[in-house]
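1. mind looking at a prediction? Sequence and model below.
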Amino acid sequence: MSASKSNPTTEKPTEYQSDETMNARELKVLLSQVMELNRSLQATVDKQTSTIAELTRELEWFRRNMFGKKAETSKRFDDYGDSGMHQMSLFDSMSEEQKLMLGITDGKQDEKITVNSYKRTKTERKKKRTREELLANAKKGDDKRIYASDEEKICDLCESEMVHFGWEYVRTEVEHIPEEIIYHEVYVEKLICKNCKEEDDLFITKCATAPPALIPHSFATPSLIAFVGYQKYQMGVPNYRLEKHFERKGILISRACMASWLIWTAENIFFIPYEIAHQLIKKRFIVNADETTAPVNKIVELEPLADENGNPLNVVADVDYVEIRKECEAESADETDDTDEEKNKAISGRQNCYMWIFASVYGTDKPLILYEYQPSRGGYNCRNFLGADFSGYLMTDGFSGYNKMENAKRLTCADHVRRKWFEAIRNKSGPLNYEDPAVVGFMAINKIYQEEALLKGLDPDIIKVKRLEKEKPNWDAFKEWLEKLDPAGGSALRKAVNYTLNNWDKLMRYLEDGRLPLSNAAAERCAKSYATIRKNMLFHDTSRGARSAAIIKSLIDTAAANNLDPELYLTELLEHARDFVNEPARAAEYMPWTEKMQERCMNKTRKEDLNQ
């Protein structure tokens, strides 16, 4: 027998030991491969979960913008301290800075802040205004006297005739009297010299000097143009609807004619007080700025109406009204109403230009709201309007174009910061997840707004002290908590964190002065007002029309901000245009805050009418 067959027992243990060692090595390699595959699969799952969550958030965002409420505030966010919210366990696990930024101390929440202007109890309910307060600015007409009939004059007891005893008040009635369209034919006195005729038999005549028409070759009057401008740029009524309105009143005024009126008056009269306001806003302490789209059909380069110092480069005699009228008539064929969608789409060349908004309403008793049309959104437009040397505070959103204002003290709107956190909340309709950092961040900023609401109406110096005492610790705790967050890249929460940190210094600058606002609401409201007008009239046909809209809208909003009736104010400017057209400096006498304008345009009806 061979050696291998004679000693089988000595070879088997060797073969068995070799196989056991090889299998252990394979198992170790296989285990490492499985673990690596598991890590890879887990990473894929995490990435897909994050993607699904982000897509779900975007779907909720689109649904909310299409069907839901647009407001960023909600009672369930404000009432996070309510015991019914079942979130005490969250507060117990919060860090100290997180409790501080939410106003929670010693494991207990502060008392709920109740702001009278938002939440009122039965005892704090706003007092109902009396009838006299409601009708304080209305014109009182003649009293209505209702006399008794012959049957009512018979006494029910003795059937004898009763006599007048007095009057008893029954009720107050408010009557609406529609405006009337009245035209006047203007004549001038014609004179003849009888002495010359008797002595020399000369027929010498002379006529009185008539003041020139407001617009050459036009029957327009200050009241008519002011009505058209007010209806279009304040009430949002486009020209084609005004055309139908006038037709029902018995007069035919085409939309092209009205457009030419507004362009001519804006370029020759209204731009003078507008430029005075423009020069004033450059020197203001705080300016709110924003921009919004302004669709224009025919974009052309416009000649400036004034130089850098606000001195007019244009006078009435330099502009031919007839040419403006012809241009508007030729372009009126392009104007469509809101039902003509096919023709609206067929118009070529329409571009989104921009309406820039500059509001100075904080820290002043002479508020200014100005619009400027520009064909682009470049930040140099803001620099050109306010001036490169503007060194005041400038409140804006996060648009990078405002970075060209190098000398300005920039502020960032807290509304936009809060909106980023609101958009990062995954579930806005169902029960809130108070472990979601987006919810906590949104509630922390809401806490700042609640503190800010309590300071309304106080002296600026007191406001500054209160802000440093109450709000700054919350902001510091919020930032400390914020820097510890590490959300997934590209997520809405990551965008909120980055937006907040990138704008932190500009966000905190409002603490420097009690006159500085927390948000850019002053300019945002103006943008919304213009957007309503834009939605109704669809577009500006020419660049000149867009510029005239900016000028007239500026005067209207500035008048309203100074508690004037905008239509009356436009009428006053047009009636006294001859006083300042050739002497532009005199337009300062007709600014909305002057005593003259406050007396003439404060009430809804003229002062002299109230005394009749």
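-> Perfect, thanks for sending it.
2. so what's H416 closest to, chain neighbours aside?
-> Of all residues not flanking H416 in the chain, D397 sits nearest, at 5.0 Å (C-beta to C-beta, 6 or more residues apart in numbering). Every C-beta, even on glycine, is put in place using the N, C-alpha and C of the backbone.
3. please apply the same query to Y402.
-> Looking at Y402 with C-beta to C-beta, 6+ apart, the closest residue is T396, at 4.6 Å.
4. show the pLDDT at the one you found.
-> pLDDT for T396: 93.
5. does it really touch E291, like I thought?
-> No: applying C-beta atoms under 8 Å, one finds T396 not in contact with E291, separated by 9.2 Å.
6. now D579: which helix or strand?
-> Assigning secondary structure by DSSP states H and E places D579 in helix 577-580.
7. follow-up on the earlier one: for the residue nearest to Y402, phi and psi?
-> phi -140, psi -180 (degrees, to the nearest 10).
8. who's in contact with it?
-> Counting by C-beta atoms under 8 Å, 6 or more residues apart in numbering, T396 touches 288-290, 402, 410-413, 520, 523.
9. the same query, at a cut-off of 10 Å, please.
-> For T396, the contact set (C-beta atoms under 10 Å, 6 or more residues apart in numbering) comprises 287-291, 379, 382, 402-403, 405, 408, 410-413, 416, 506, 520, 523.
10. burial of A531, as a residue count?
-> A531 has 15 neighbours, counted by other C-beta atoms under 10 Å.
11. residues contacting it?
-> Neighbours of A531 in contact, by C-beta under 10 Å, 6+ apart: 236, 292-294, 355.
12. A helix includes it, no?
-> Yes: counting by DSSP: H, G, I helix; E, B strand; the rest coil, A531 is located in a helix.
13. how close does it sit to H416?
-> Distance of A531 to H416, computed by C-beta to C-beta, to the nearest Å: 17 Å.
14. and if you look at E58?
-> Separation of E58 from H416 (C-beta to C-beta): 19 Å.
15. of those two, who's got more company?
-> Neighbour tally, E58 and H416, criterion other C-beta under 10 Å: the higher count belongs to H416, 19 against 12.
16. which regions of the stretch 501-612 of the chain sit below the pLDDT cut-off?
-> Scanning the stretch 501-612 of the chain for pLDDT under 70 picks out the ranges 603-612.
17. which of the contacts of T396 are buried?
-> Buried members of the contacts of T396, scored by 16 or more other C-beta atoms under 10 Å, are 287-291, 379, 382, 402, 405, 408, 410-413, 416, 506, 520, 523.
18. ok, the closest residue to D579 other than its chain neighbours - how many residues close by?
-> Nearest non-adjacent residue to D579, counting by C-beta to C-beta, 6+ apart: R586, 5.5 Å away. Counted with other C-beta under 10 Å, residues neighbouring R586 total 13.
19. same check, this time on I369
-> 27.
20. and the nearest residue to T172 once chain neighbours are set aside, backbone torsions?
-> Sequence neighbours aside, R131 is the residue nearest to T172 in space, at 5.8 Å (criterion: C-beta to C-beta, 6+ apart). Phi and psi for R131, reported as degrees, to the nearest 10, are phi -60, psi -40.
21. do you know how far R131 is from M597?
-> As judged by C-beta to C-beta, R131 and M597 stand 29 Å apart.
22. the two: which is more packed in?
-> The neighbour comparison of R131 against M597 (other C-beta under 10 Å) goes to M597, with 20 against 10.
23. confirm that one sits in a strand?
-> No: read with three-state DSSP, M597 is helix and lies in no strand.
24. and E291, what element?
-> Per DSSP H and E: E291 is located in strand 286-298.
25. V465 too?
-> Using DSSP H and E, V465 sits within helix 460-466.
26. now do the buried residues in that helix.
-> 463-464, 466.
27. same question for stretch 51-66.
-> 54, 57, 60.
28. check stretch 195-205 too.
-> For stretch 195-205, using 16+ other C-beta under 10 Å, no residue counts as buried.
29. do stretch 593-600 as well
-> Buried, per 16+ other C-beta under 10 Å, within stretch 593-600: 593, 597, 600.
30. from the residues you listed, pick the one nearest I263.
-> Ranked by distance to I263 (C-beta to C-beta), the buried residues of stretch 593-600 are led by M597 at 24.4 Å.
31. show me where the protein has strands.
-> Here the chain has its strands, by DSSP state E, at 104-105, 108-109, 190-192, 205-207, 286-298, 351-360, 368-374, 393-396, 409-412, 540-542.
32. weakest of those in terms of mean pLDDT?
-> Of all the strands of the chain, the minimum mean pLDDT falls on strand 108-109 (a mean of 47).
33. correct me if wrong: R284 contacts F390.
-> Yes: contact criterion C-beta atoms under 10 Å: R284 and F390 qualify, at 9.0 Å.
34. which neighbours do the two share?
-> Counting by C-beta under 10 Å, 6+ apart, nothing touches both R284 and F390.
35. and the closest residue to C193 other than its chain neighbours, how far is that from K194?
-> The shortest distance from C193 to any non-neighbouring residue, by C-beta to C-beta, 6+ apart, is to I204 (4.1 Å). Using C-beta to C-beta, we find I204 at a distance of 9 Å from K194.
36. got it, and A53?
-> 99 Å.
37. please apply the same query to L538.
-> 63 Å.
38. go on, K282?
-> Distance, K282 to K194, by C-beta to C-beta: 62 Å.
39. ok, the two, which is more surrounded?
-> Legend: neighbour count by other C-beta under 10 Å for K282 and K194, higher for K282 (16 against 8).
40. what sits against the residue nearest in space to the middle of the chain?
-> Geometric centre of the chain, nearest residue: R525, 1.8 Å, by C-alpha atoms, centre = their mean. Neighbouring residues of R525 by C-beta under 10 Å, 6+ apart: 288, 290, 357, 359, 361, 369, 557.
41. nearest spatial neighbour of the fifth one, skipping sequence neighbours?
-> When you say that, I think you mean V361. P367 (4.2 Å).
42. before we move on, back to that, please tell me how far the residue nearest to T172 sits from E173.
-> The spacing between R131 and E173, counted by C-beta to C-beta, is 11 Å.
43. repeat for F227
-> In terms of C-beta to C-beta, F227 sits 26 Å off from E173.
44. more crowded one of these two?
-> Set F227 next to E173 and count neighbours by other C-beta under 10 Å: F227 wins out with 18 against 7.
45. for burial, what's the neighbour tally of the spatially closest residue to the more buried one that is not a sequence neighbour?
-> Distances taken as C-beta to C-beta, 6+ apart put E567 closest to F227, at 6.5 Å, once the chain neighbours are dropped. Using other C-beta under 10 Å, E567 is surrounded by 21 other residues.
46. the one 10 residues further on now?
-> Residues contacting A577 under the criterion other C-beta under 10 Å number 20.
47. quick one: it and F271 touch, right?
-> No: the pair A577 / F271 is not scored as a contact, 11.4 Å apart, by C-beta under 10 Å.
48. and stretch 529-540, which residues are buried?
-> 529-530, 533-534, 537-540.
49. got these as a markdown table, with distance to G166 columns?
-> Below are the buried residues of stretch 529-540 laid out as a markdown table (distance: C-beta to C-beta, whole Å):
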| residue | distance to G166 |
| --- | --- |
| S529 | 51 |
| Y530 | 56 |
| I533 | 53 |
| R534 | 58 |
| M537 | 56 |
| L538 | 60 |
| F539 | 63 |
| H540 | 62 |
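50. which of those residues lies closest to N137?
-> For the buried residues of stretch 529-540, the nearest to N137 is S529 (22.5 Å; C-beta to C-beta).
51. R57: what's it in contact with?
-> So R57 contacts 423-428, 438, 491-493 (C-beta under 10 Å, 6+ apart).
52. what comes up buried for stretch 386-398?
-> Within stretch 386-398, the residues scored as buried using 16+ other C-beta under 10 Å are 386-387, 390, 392-397.
53. for K244, state which of the residues you listed is nearest.
-> Lowest distance from K244 to the buried residues of stretch 386-398 (C-beta to C-beta) belongs to D397, with 38.8 Å.
54. report the contact partners of the closest one.
-> With C-beta under 10 Å, 6+ apart, D397 has these contacts: 289-291, 412-413, 415-417, 419, 503, 519-520, 523-524.
55. cool, thanks, talk later.
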